[in-house]
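Colleague: Below is the sequence, then the predicted model.
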Amino acid sequence: MPTDISVPVLIERVAETLLIGVTGGLGLGLTGVPGGYLSGAILAVAIAALAGRPMLIPTPVARTIFVLLGVSLGSVMTPQMLHGMAKYPVSIAILLVAMACVGVACALYLQIVHGWDRVSAYLASAPGGMSQVLAVAAEVASDVRAIAIVQSMRVVIIAVGLPSGLSLLGLASHVSRPVGSPLTLASLDEFAILAVAAIVGAVIFHRRRFPGGLLFGAMFASGVLHGTDIVHFILPWWATNTAAILLGAVIGARFANMPMRLFMNYIGAAFGSFAVAVTIASVFGAIVIEMMSLPIPEVMVAFAPGSVDAMMLLALALHLDPVFVGAHHVVRIFFVALATPFMVRREAGKAKPAAAAAVPEAIQASLDE
């Protein structure tokens, strides 16, 4: 979060971002678009950011959103989340092969078609873990802005296009609004227990550098409490939808301070590499569907190389199995986090950091997550 602006200006920027995000989220969410609260907010804030508006969501607010989403996800699952990887060995093994193929194929595409250097191409092609990718990019003096644009566009396209695509194919429809539990005096004790446990779980996972630790820590704590019948309280529908809108604003704000001309210079590379990635992921996803007779929407969301928080929220919104989706995304992020730095540093050798393009404020802030 920028520290060189006054408090009134900071409040003004955040208020404008929230207003635009709420307008976009409600615009699509209330019209029945699957995942509309999330995708509508992403589109509205991203468009405003590219138009030059100073979109901003403070880091503490973003972290609170991740915890809320974790609580919501945990309320519809059991503590088996962390053991999910052992339940799906075949599909997870295929996922790892798919992500390796995605990374190599997209890197080759960026090198051959757009003339990128090998290091920048590999970093832009990493299927997930944008914060880690940008940190490595800054260290090895790659074209940070180009990598940020390609990575951010993949996240936005998947979060916006995947639920709509599933709907157009007749594989998903606008789900009924979850009722949740009313927050009354009688439920305050359960709510307090759930809140404290979720915060503790989020902090522990985050400090241990677990991928998506804030979200998965809160989800694990919530899952344990709900799965053991200690707590029955479920966040009301309006709380979950509010979290979706705020998450959309966080994602859309990544485009803040990004000049339109620079964005357009790299838009072809972004869409082209996305097309390569989604084609390969779809092929491997089809293999899993054919081999294991799994529901198509669950496999598509589990294999989508999008951000963990957005994909888990889509799983919740579309009533998909959060254990299956979550297990695959945890493995994917761990795979990317371990493999990408090794590959890139091998390519970069012992090159010293040089003057690279500045990272947009909103994207730089994501490095703190």
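Modeller: That came in fine, so what should we check first?

Colleague: could you point out where the stretch 51-200 of the chain is predicted with low confidence?
Modeller: Applying pLDDT under 70 to the stretch 51-200 of the chain flags residues 76-86, 129, 131-132, 134-135, 138-142, 171-186.

Colleague: Please identify the helix or strand for Gly103.
Modeller: Using DSSP states H and E, Gly103 sits within helix 89-114.

Colleague: Against which helices or strands is that helix packed?
Modeller: helix 118-125, helix 260-292, helix 296-303, helix 322-348 (3 or more C-beta pairs under 8 Å, 6 or more residues apart in numbering; DSSP states H and E). Using the backbone N, CA and C atoms, a C-beta is placed for each residue, glycine as well.

Colleague: same thing but at 6 Å, please
Modeller: helix 118-125, helix 260-292, helix 322-348 (3 or more C-beta pairs under 6 Å, 6 or more residues apart in numbering; DSSP states H and E).

Colleague: Show me how far it is from its chain's centre.
Modeller: 19 Å (C-alpha atoms, centre = their mean, to the nearest Å).

Colleague: In the chain, which residue is most central in space?
Modeller: With distances taken as C-alpha atoms, centre = their mean, Ser307 lies nearest the centre of the chain, 2.2 Å away.

Colleague: How about that one, nearest residue that isn't a chain neighbour?
Modeller: Spatial nearest neighbour of Ser307, excluding adjacent residues (C-beta to C-beta, 6 or more residues apart in numbering): Val155 at 4.8 Å.

Colleague: Mind listing what's buried along the one helix or strand the one you found maps to?
Modeller: Element membership of Val155, judged by DSSP H and E, is helix 144-168. Neighbour counts over helix 144-168 (16 or more other C-beta atoms under 10 Å) mark 144-164, 166-167 as buried.

Colleague: Would you mark the buried spots in the helix or strand just after that helix?
Modeller: Per DSSP H and E, the first helix or strand lying C-terminal to helix 144-168 is helix 188-207. Residues of helix 188-207 classed as buried by neighbour count (16+ other C-beta under 10 Å): Glu190, Phe191, Leu194, Ala195, Ala197, Ala198, Ile199, Gly201, Ala202, Val203, Phe205, His206.

Colleague: residues in contact with helix 188-207?
Modeller: Residues outside helix 188-207 that contact it (C-beta atoms under 6 Å, 6 or more residues apart in numbering): 67, 71, 213-214, 216-218, 220-222, 225, 231, 233.

Colleague: For the closest residue to Ser125 other than its chain neighbours, list the residues it contacts.
Modeller: Leaving aside its chain neighbours, Ser125 sits nearest to Cys106 (3.5 Å; criterion: C-beta to C-beta, 6+ apart). Going by C-beta under 6 Å, 6+ apart, Cys106 touches Ser125, Ser273, Val276, Ala277.

Colleague: Give the burial count for the third one, as a bare number.
Modeller: In this case it means Val276. By the measure other C-beta atoms under 10 Å, the count of residues near Val276 is 20.

Colleague: show me the contacts for it.
Modeller: Counting by C-beta under 6 Å, 6+ apart, Val276 has contacts Ala105, Cys106, Tyr109.

Colleague: which one of these is nearest Pro322?
Modeller: Cys106 (27.7 Å; C-beta to C-beta).

Colleague: The closest residue to Val299 other than its chain neighbours: neighbouring residues, count only.
Modeller: Closest residue in space to Val299, ignoring its immediate chain neighbours: Gly285 at 4.8 Å, by C-beta to C-beta, 6+ apart. Other residues lying near Gly285 total 24 when counted by other C-beta under 10 Å.

Colleague: Give me the neighbour count for Met264.
Modeller: 11.

Colleague: Mind pulling up the pLDDT for it?
Modeller: Met264 carries a pLDDT value of 85.

Colleague: how close does it sit to Leu108?
Modeller: Distance, Met264 to Leu108, using C-beta to C-beta, to the nearest Å: 24 Å.

Colleague: Equivalent analysis for Ile193, please.
Modeller: 51 Å.
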